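1. Predicted coordinates and the sequence they were generated for:
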Amino acid sequence: MTLDSLYVKETKAISRTKGSLLIAESIPGVQFNEMVDVRLANGEIRRGQAIDISKEVTIIQVFGGVSEVDLVASRVRCKGETLKLPVARDILGRIFDGSGNPIDGGSAIIPRDYLDVNGGLVNPAGREPPAEFIETGISAIDGLNALVRGQKLPIFSGSGLPHNRIVAQLIRQASVKKTEEQFAIVFGAIGISYDDADFFMQNLEQTGAREKTVAFINTASDPVIERISTPRLALTAAEYLAWQEGMHVLVIITDITNYCEALRELSAMREEIPSRRGYPGYMYTDLATMYERAGRITGKEGSVTVMPILTMPDDDITHPIPDLTGYITEGQIVLSRDLERKGIYPPIDVFLSLSRMMKEGIGAGKTREDHNNVFMQLYAAYAEGCNLREISTIIGAEALGERDRLYLNVADRFEREFISQGEGTKRKVEDTLDIGWSIFSALPEEDLKLIGEDLIKKYLPKYAGKA
Amino acid sequence: MGKVWRISGPLVIGEDMKGAQVYEIVEIGSDRLVGEVIGLEEDKAIIQVHEDTQGLRVGEEVKGTGTILTAELGPGLLGSIYDGLQKSLTVLLENNSFIERGAKAFALPRDKKWHFTPTVKVGDAVGEGDIIGTVPETHLVEHRIMVPVGMKGVIKKIAEGDYTVIEPVALLEEDGGGEKEIIMMQKWPVRKPRPYRRRFAASKLLITGMRILDYMFPLALGGKAAIPGGFGTGKTVALQQLARWAQTQINIYVGCGERGNEMADVLHSFRRLKDPKTGRLLQEKEIFIANTSNMPVVAREASIFVGITMAEYFRDMGYDVLLVCDSTSRWAEAMREIGGRLEEIPGEEGFPAYLGSRLASFYERSGLVECLGGPERNGSVTVTGAVSPPGADFSEPVTQNTLRIVDAFFALDTALANKRHFPAINWLTSYSLYVDWVKDWWSAISPQWETTRAIALKLLQQEAELEEIVRLVGPEALPESDKLVLMVTRMIREDFLMQSAYNEVDTYCVPLKAQLMLQTINRFYELAQQMLESGVTTAEIRTSPIIPRISRMKNIPNDEAEERIKELWAEMETSLVPQRGGVA
């Protein structure tokens, strides 16, 4: 404890309120972004943060709003520190709220360290490019949009689409192909419904992943302001487990759309000049400071992999939230309402989805030698089939040539056999690739231009095992 | 000197700051955070802080340094990795994987000795920009030590041997009688363009090894280009390809507000990739600025100017330099954020009204010039900036303001990217004003360039029209001649324009090979047209064994291209023949 924090800084001189902001007289020694307690006349204490300080005034953002604050009896007391999260290995298996207080009825954490929730700034020259394949057991991800350790890969969903079920499946199944290493899950829930939060927790309980999970939960009824801190707490916990405890951490954050709404609300309260659709101009930077906390560090054991989930307002991928996210993350998994209507689960839109880190994580020694070729060929064949499907809706399938109808059929099979799989089905990556080969066998062999002859001889069902 | 009066995010107002200059660098608080004065009002100074201000207090000390933001220039730049303020990230990495606030590291190592060989002798009169000696900085680049701008006189002493960048290598007797030492390191204020003697119009192709650029939309040495595209359209890969293979002597890669993992990928790949001409490691000719998106916003604004200043410095030695910036939109957003904090009246979409002029002040520092000083030499800076328009909508202010300045525009297309056509540069909307300028250069490679290029572009235009019809009536309903057009344009797209950045051979294509490839497709079209006239159908032509050979041309190594493609020509002439006896 430093001398500084023993010295209590307090003021009663609050001159006015503005939205959820309090404007008080200047408090000597207050730090920028310092946490404060606002004590109301009735004894209630609310937390706040000094967001603009000068010799004349201190502007305080009050978490939980300014209702019942009065200008006579309320006091502002500085805590002497910026927002920090107490961490220890014991956080595993625990549930916290958006301020970092335990809400599972357990005792407080005995901290090994207090970490700044904004995290450290990783030296770009000290980052290790992500390259280890994570097997999710979901063909549309493993086969076509492979996830690697240290990647940030969001799920772009829409209201009513089964993103929660997909993520739950992912949590159940995700494993790395290599040996059993220390694995942990950090779950950050931002402004989601109680039912959704419960769904995730139940799911973790059932799979026995509960004691490997840390959860930070801010439900829709919790204070809006805590939606800003929830993901930061989750990432701070993840960084601690990864960089200090050497664990491989998968961070699931849902729903980023709620986060951005909270950010907009806050920005409006501060009377900042809005950018597109009222969101603040710094939203890119703000999201980047969170997403960029994913990665691997040269010489360190663990990794932080981040999967944010967001619901695209009106399924619009150009909306600022998915748009800015897409510019920061290394690809995206996009869910499609059309596939969902066709009854395909998981309804992953193969054309809009992309994993930029895929090429680093697949191939001989990582998944299988034919992975990239199978991916390219499947993609090309499906694209051709979808294109023809579009044409056939206008001119009728009858007007298409024989070869074209073959491709139509391939597109259907691809959706039904490759993308579609049961919620409880965990496919090995080899099985995923073999399904690809079984679809290829419907095509003339000379059409498999993107696959080398040696691979065709080795894997195409009609030759397989005969070479 | 002064004290902190107010803190609001990256903006700090200092009081008792009389005597501070605009753009002066200051150090704030006990962590010595670096900031830059951007405005003065009586005794108060408005300071933008290049580091995180969390935890800073009112009343902390603000110390002026008396200098404005400068870049260190001299041996040791090549192969380095800097942050936006030219701090060496490799030096910072020595003790910590994380960057601490206020951490300092010189851009040029002070203890490393370089071998200096003089090119002038005692008694020679020298002026600004004159080369007085050389240092073999890497195997690829000879660093030329120049007399700093503003200095002039007679060489009184000149050294030869191993020196650090801060030890004197020459003594100059100035005209007035004073003496001045010259060290190998120079400093230059980054926001000020470095002077040159005169500027020329660009006339030489900048070989990038990317067919769609070199052949269709050429970039000239000293030119300026923009690559706009939505997310996932391959901007970063395209820029990385440029930084890797562009046949310039120095390449500078500015990662401005982009992904850390991608930056790591770039850095790691440059440690293994080799220059196609010399076989040396690419990092010997490369400088990196890694200002990732989670770094403080304000440093982003500086990173671009630091990059272009280093580019001009190598240009002044007589080199061709390429600077790529990924992405200028992040830079513009940094300006918007600062503008907002300063409560400036915003222009379009909240961007400051001076967005256009600030973008111009960056792009206009490109060019082909005659350098200051002797021996006489020319150098160039070519600038390519990525633009990340929100929602891939090119009507937004950064794209539009950039379009007014640049002469080449490579539009990345989301639809192409979704079809996995890479590079996803749209051939219908992209343009290059350098086409006429590099005509002579190209005609030395092949006199047919202009016509071959024109035919291909015309066919592609025709394809776009035909595709609309196909959407209505289906492909089978088209006349044979149109079906042939679609077949040929598919070849142009898939076998010529598409180029894999990850295929060892295809990743870099020499201009001659590009010419031969497209000429092959054109000749195929001519022969196929003759066949159609004689009654052969497109379905029959499609089965020709020549077609898969055309699609494999990409994979022919550059040095074998001429021989093997010409073999293919001979076979085409004998196998693609009209049906005997005319129409059956």
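-> Right, received. Where do you want to start? Numbering: from 1, shown residues only, chains lettered A, B, ... in the order given.
2. tally of neighbours for residue B:543?
-> Counted with other CB atoms under 10 Å in any protein chain shown, residues neighbouring residue B:543 total 9. For every residue, glycine as well, the C-beta is placed using N, CA and C.
3. now for the helix or strand where residue A:198 lies, which elements pack on it?
-> Taking DSSP states H and E as the criterion, residue A:198 maps to helix A:194-207. Packing contacts for helix A:194-207, counted by 3 or more CB pairs under 8 Å, 6 or more residues apart in numbering or on different chains; DSSP states H and E, involve helix A:163-173, strand A:183-192, strand A:213-219.
4. same for the first one, what does it pack against?
-> Put plainly, it is helix A:163-173. Helices and strands touching helix A:163-173, by 3+ CB pairs under 8 Å, 6+ apart, are strand A:155-157, helix A:194-207, strand A:248-254, strand A:303-311.
5. The stretch 1-150 of chain B against chain A: which residues are in contact?
-> Contacts of the stretch 1-150 of chain B with chain A, taken as CB under 8 Å from any CB of the partner chain, map to B:5-8, B:13, B:15, B:52-59, B:81, B:89-90, B:92-93, B:96-99.
6. Produce a PyMOL select command limited to the buried residues of the residues you listed.
-> Listed next is the PyMOL selection for buried residues among those, using 16 or more other CB atoms under 10 Å in any protein chain shown:
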select buried, chain B and resi 5+6+7+8+13+15+52+53+54+55+56+57+58+81+89+90+92+93+97+99
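7. My guess is residue B:172 contacts residue B:150. True?
-> No. Residue B:172 is beyond contact range of residue B:150, at 11.6 Å (criterion: CB atoms under 8 Å).
8. need the contact list for the closest residue to chain A within the stretch 451-584 of chain B.
-> With CB to the nearest CB as the measure, residue B:474 is the residue of the stretch 451-584 of chain B nearest to chain A, at 4.1 Å. Residues near residue B:474 by CB atoms under 8 Å, 6 or more residues apart in numbering or on different chains: A:391, A:394-395, A:399-400.
9. okay, residue B:172 and residue B:150: which has more neighbours?
-> Higher neighbour count among residue B:172 and residue B:150: residue B:172, with 24 against 8, using other CB under 10 Å.
10. Can you tell me the closest non-neighbouring residue to that one?
-> Ranked by CB to CB, 6 or more residues apart in numbering or on different chains and with sequence neighbours excluded, the top spatial neighbour of residue B:172 is residue B:153, at 4.2 Å.
11. To residue B:463, which of the helices and strands packed on helix A:194-207 lies closest?
-> Nearest to residue B:463, of all those, is helix A:163-173, at 38.7 Å by CB to CB.
12. Now do that closest one: everything it contacts.
-> The contact list for helix A:163-173 (CB under 8 Å, 6+ apart) reads A:135-138, A:141, A:155, A:157, A:185, A:196, A:199-200, A:203-204, A:207, A:209, A:250, A:252, A:254, A:307, A:309, A:311, A:335, A:345-346, A:423, A:426.
13. List the residues that contact the residue minimising distance to the centre of chain B.
-> By CA atoms, centre = their mean, chain B has its centre lying nearest to residue B:324, at 2.0 Å. By CB under 8 Å, 6+ apart, residue B:324 lies in contact with B:239, B:242-243, B:251-254, B:383-386.
14. Mind doing that once more with 10 Å?
-> Residue B:324 is in contact with B:225, B:227, B:238-243, B:246, B:251-255, B:307, B:382-386, counting by CB atoms under 10 Å, 6 or more residues apart in numbering or on different chains.
15. out of these, who's near chain A?
-> Filtering the contacts of residue B:324 for neighbours of chain A using CB under 10 Å from any CB of the partner chain leaves residue B:255.
16. Of the contacts of residue B:324, keep whichever come out buried.
-> Among the contacts of residue B:324, the ones that count as buried by 16+ other CB under 10 Å are B:225, B:227, B:238-243, B:246, B:251-255, B:307, B:382-386.
17. So which of those residues sit within strands?
-> B:225, B:227, B:251-255, B:382-386 (DSSP state E).
18. any idea which of these is closest to chain A?
-> In terms of CB to the nearest CB, no member of these lies closer to chain A than residue B:255, at 7.5 Å.
19. What segments of the stretch 201-350 of chain B are helices?
-> For the stretch 201-350 of chain B, the helices defined by DSSP state H, counting those that start in this stretch cover B:211, B:235-245, B:260-270, B:297-316, B:328-341.
20. hmm, the third one in reach of chain A?
-> Yes. If you take CB under 10 Å from any CB as the test, helix B:260-270 does meet chain A, through B:260-269.
21. who does that helix touch, helix- and strand-wise?
-> Judged by 3 or more CB pairs under 10 Å, 6 or more residues apart in numbering or on different chains; DSSP states H and E, the packing partners of helix B:260-270 are strand A:121-122, helix A:358-361, strand B:81-82, helix B:89-93, helix B:235-245, strand B:250-258, strand B:286-292, strand B:320-326.
22. in it, what counts as buried?
-> By neighbour count on 16+ other CB under 10 Å, the buried set for helix B:260-270 is B:260-268, B:270.
23. what kind of secondary structure is the residue nearest to residue B:461 when sequence neighbours are not counted in?
-> Excluding the flanking residues, the one nearest residue B:461 by CB to CB, 6+ apart is residue B:428, at 6.9 Å. Three-state assignment for residue B:428 (DSSP: H, G, I helix; E, B strand; the rest coil): coil.
24. for the longest helix along chain A, what is the average pLDDT?
-> Criterion DSSP state H: the longest helix present in chain A is helix A:371-395. Mean pLDDT, computed over helix A:371-395, is 89.
25. list the helices and strands that helix packs on?
-> Contacts defined by 3+ CB pairs under 10 Å, 6+ apart place helix A:371-395 against helix A:358-361, helix A:402-413, helix A:429-440, helix A:453-459, helix B:449-473.
26. Distance to residue A:35 for the helices of the stretch 201-350 of chain B - can I get that in CSV?
-> Output for the helices of the stretch 201-350 of chain B, formatted as CSV (distance: least, CB to CB, whole Å):
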stretch, distance to residue A:35
helix B:211, 57
helix B:235-245, 38
helix B:260-270, 28
helix B:297-316, 23
helix B:328-341, 22
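27. quick one: which of those helices is nearest residue B:160?
-> Taking the helices of the stretch 201-350 of chain B one by one with CB to CB, helix B:297-316 is closest: 22.7 Å.
28. residues of that closest one that come out buried?
-> By neighbour count on 16+ other CB under 10 Å, the buried set for helix B:297-316 is B:297-316.
29. Neighbours of residue B:548, how many?
-> By other CB under 10 Å, the residues close to residue B:548 number 11.
30. Now do it, the pLDDT please.
-> Predicted confidence (pLDDT) for residue B:548: 87.
31. returning to that earlier point: possible to save the helices and strands packed on helix B:260-270 as CSV with distance to residue B:533 and mean pLDDT?
-> CSV is the format used below for these (distance: least, CB to CB, whole Å; pLDDT from 0 to 100):
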stretch, distance to residue B:533, mean pLDDT
strand A:121-122, 65, 91
helix A:358-361, 46, 90
strand B:81-82, 61, 94
helix B:89-93, 64, 93
helix B:235-245, 41, 89
strand B:250-258, 50, 92
strand B:286-292, 54, 93
strand B:320-326, 47, 95
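32. Contact partners for residue 348?
-> You didn't pick a chain, so chain A it is. Residues in contact with residue A:348, defined by CB under 10 Å, 6+ apart, are A:138-141, A:144-145, A:155, A:166, A:333-336, A:339, A:419-420.
33. meant chain B, my bad for not saying
-> For residue B:348, the contact set (CB under 10 Å, 6+ apart) comprises B:355-356, B:396-398, B:400-401.
34. And residue B:409, by the same measure?
-> Contacts of residue B:409 (CB under 10 Å, 6+ apart): B:217, B:225-228, B:387, B:394, B:399, B:402-403, B:425, B:429-433.
35. now with 7 Å?
-> Neighbouring residues of residue B:409 by CB atoms under 7 Å, 6 or more residues apart in numbering or on different chains: B:225-226, B:403, B:430-431.
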